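J.: Predicted model, plus sequence, below.
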Amino acid sequence: MELNKGLSDRVAIVTGASRGIGRAIAERLSAEGMRLVLAARSEDALREVVANCVTEASAFATDLREPDAPARLIAHAIRTFGRIDLLVNNAGATKRGDFLELTEADWADGFALKFFSAVRCSRAAWPQLVESAGSIINIVGIGGRTGSAEFAIGGSVNAAVLNLTKVLADRGVGDGVRVNAINPGAIWTDRLTRRIAVAARERGVSEEDAAASMAQAMGVARFGKPEEIAGAVAFLASPDAAYCNGAILDVDGGHTRTL
């Protein structure tokens, strides 16, 4: 892994940083020399990530669904490090299921954590990012580009975050802030592991066979690794991507075949 992205001593906020993709992003940015503020609901899990970081890192346990939580997170980052160079909006998981069975509460929860937290974090961090000529990277998902009957909430939320990325990138042209997005495909996280286990039980097959069948149905050779998303984040945050603004990068093994 090449670690020379010109990010040393800069400050990043990563939401949803306690596990999976968020944890991998935090550890990669720390390896690149960035100082970190890490947010998630579980303080214990965050402290484990902080312990694995090789640079200074601060844990901020909060529920970003609460309207005032994003502003408190940004204020904590400024108090701790005095600046913000990068905001990674990664928090957010949405409920799968039959559209006719998903409740109003399910929809509200999906938008509250992933969409509105990204809106609020971006708005609160924007003045600092203007000052540092920094950037925002939204971790979204391929469901925002290709609809699926069982992913009604997630697809709708992801599509909204993708549009938000374009909106903020347009604003960022004048303000000197770059805003880009990454669409992960099926990544080996706890959530994917649980989906595979459910599929295996329902079909009466081994988890290995269920995983292989799922990958084949998606048209990919394998599932991705959280570290591969983290590598894409490091690139988009770096000077190497200085001309990337409003870019939406699919990191999905070829799953998305549409333009």
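T.: Cool, the structure landed. Residues are numbered from 1 along each chain as shown.
J.: Now do the buried residues in stretch 209-227.
T.: 210, 211, 214, 215, 218, 220, 223, 224, 226, 227 (16 or more other CB atoms under 10 Å). Bear in mind the C-beta positions are built from the backbone N, C-alpha and C, glycine included.
J.: Distance to residue 48 and secondary structure for these - can I get that in JSON lines?
T.: Listed next are these as JSON lines, based on distance: CB to CB, whole Å; DSSP: H, G, I helix; E, B strand; the rest coil:
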{"residue": "210", "distance to residue 48": "29", "secondary structure": "helix"}
{"residue": "211", "distance to residue 48": "26", "secondary structure": "helix"}
{"residue": "214", "distance to residue 48": "29", "secondary structure": "helix"}
{"residue": "215", "distance to residue 48": "29", "secondary structure": "helix"}
{"residue": "218", "distance to residue 48": "31", "secondary structure": "helix"}
{"residue": "220", "distance to residue 48": "30", "secondary structure": "coil"}
{"residue": "223", "distance to residue 48": "24", "secondary structure": "coil"}
{"residue": "224", "distance to residue 48": "23", "secondary structure": "strand"}
{"residue": "226", "distance to residue 48": "15", "secondary structure": "helix"}
{"residue": "227", "distance to residue 48": "17", "secondary structure": "helix"}
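J.: could I get these as JSON lines with distance to residue 257?
T.: Output for the buried residues of stretch 209-227, formatted as JSON lines (distance: CB to CB, whole Å):
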{"residue": "210", "distance to residue 257": "23"}
{"residue": "211", "distance to residue 257": "21"}
{"residue": "214", "distance to residue 257": "17"}
{"residue": "215", "distance to residue 257": "15"}
{"residue": "218", "distance to residue 257": "11"}
{"residue": "220", "distance to residue 257": "11"}
{"residue": "223", "distance to residue 257": "17"}
{"residue": "224", "distance to residue 257": "16"}
{"residue": "226", "distance to residue 257": "23"}
{"residue": "227", "distance to residue 257": "24"}
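J.: pretty sure residue 99 is touching residue 149, no?
T.: Yes: using CB atoms under 8 Å, residue 99 makes contact with residue 149 at a distance of 6.8 Å.
J.: and residue 99, what is it in contact with?
T.: 149, 152 (CB atoms under 8 Å, 6 or more residues apart in numbering).
J.: before we move on, what SS does it have?
T.: The assignment at residue 99 comes out as coil when based on DSSP: H, G, I helix; E, B strand; the rest coil.
J.: now the closest residue to residue 220 other than its chain neighbours: how far from residue 20?
T.: Spatial nearest neighbour of residue 220, excluding adjacent residues (CB to CB, 6 or more residues apart in numbering): residue 253 at 3.8 Å. Noted for residue 253: a distance of 17 Å to residue 20, by CB to CB, to the nearest Å.
J.: that older thread, what pLDDT does the residue nearest to residue 220 get?
T.: Listed pLDDT for residue 253 reads 96.
J.: ok, now residue 84?
T.: pLDDT recorded at residue 84 is 98.
J.: Is the closest residue to it other than its chain neighbours in a helix, a strand, or coil?
T.: Using CB to CB, 6+ apart and skipping residues adjacent in sequence, the residue nearest residue 84 is residue 128, 4.1 Å away. Secondary structure assignment for residue 128 (three-state DSSP): helix.
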